[in-house]
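Asks: Sequence and predicted structure are below.
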Amino acid sequence: MKRIRDFLKSHREPISYLFWGVMTTIVSWGTYSLFVTVTKSVIIANVLSWICAILFAFVTNKLWVFRSMSWSPDTVLTELWTFVAARIATGFLEIAGVPFLINIGMNQRILGIEGMVAKVFVSVVVVILNYVLSKLLVFRNDGVSEKINSK
């Protein structure tokens, strides 16, 4: 039990990132379902659910993954802007990356779905990039975060 506790403690940040990523996906799917029912528009529902998911991910990443505790308007606006910009950039990577990989031959099927190998590969790359960008550019440690992270 101590080994498990030590492992979880030493890998708190990436484990927390993955947990909140799953929760963000649930928020995205749930809000999409709600918005598509209300608006009857797939496009509007998808945009609104993406906004909800990004805002949810921002708050959970700020508080529980990277423990950035500053709520000064300058800090929050800078973090929010860089977070959204990073997500837009990785979103474009995903939009362009899947068709590119399929066109160069990574169009293998998973569960009968063509190109799913490319989709899974790009998704893994995007998750890793989102983590790295959030850690290095968005939620850079300040004095408050470092004190909390050391506990």
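Replies: Great, that's in hand. Everything quoted here is computed from the prediction, not taken from an experiment.
Asks: Going by contacts, tell me the helices and strands next to the helix ranked longest in the chain.
Replies: Across the chain, the longest stretch assigned as helix under DSSP state H is helix 73-103. For helix 73-103, the packing partners by 3 or more C-beta pairs under 8 Å, 6 or more residues apart in numbering; DSSP states H and E come out as helix 42-60, helix 116-133. The way it works is simple: take the backbone N, C-alpha and C, and place the C-beta from them, glycine included.
Asks: can you put these in CSV and add distance to Ile95 and mean pLDDT?
Replies: Output for the helices and strands packed on helix 73-103, formatted as CSV (distance: least, C-beta to C-beta, whole Å; pLDDT from 0 to 100):
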stretch, distance to Ile95, mean pLDDT
helix 42-60, 12, 94
helix 116-133, 9, 94
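Asks: now those helices as JSON lines including distance to Arg109 and mean neighbour count?
Replies: Below are those laid out as JSON lines (distance: least, C-beta to C-beta, whole Å; neighbours: other C-beta atoms under 10 Å):
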{"stretch": "helix 42-60", "distance to Arg109": "25", "mean neighbour count": "16"}
{"stretch": "helix 116-133", "distance to Arg109": "6", "mean neighbour count": "16"}
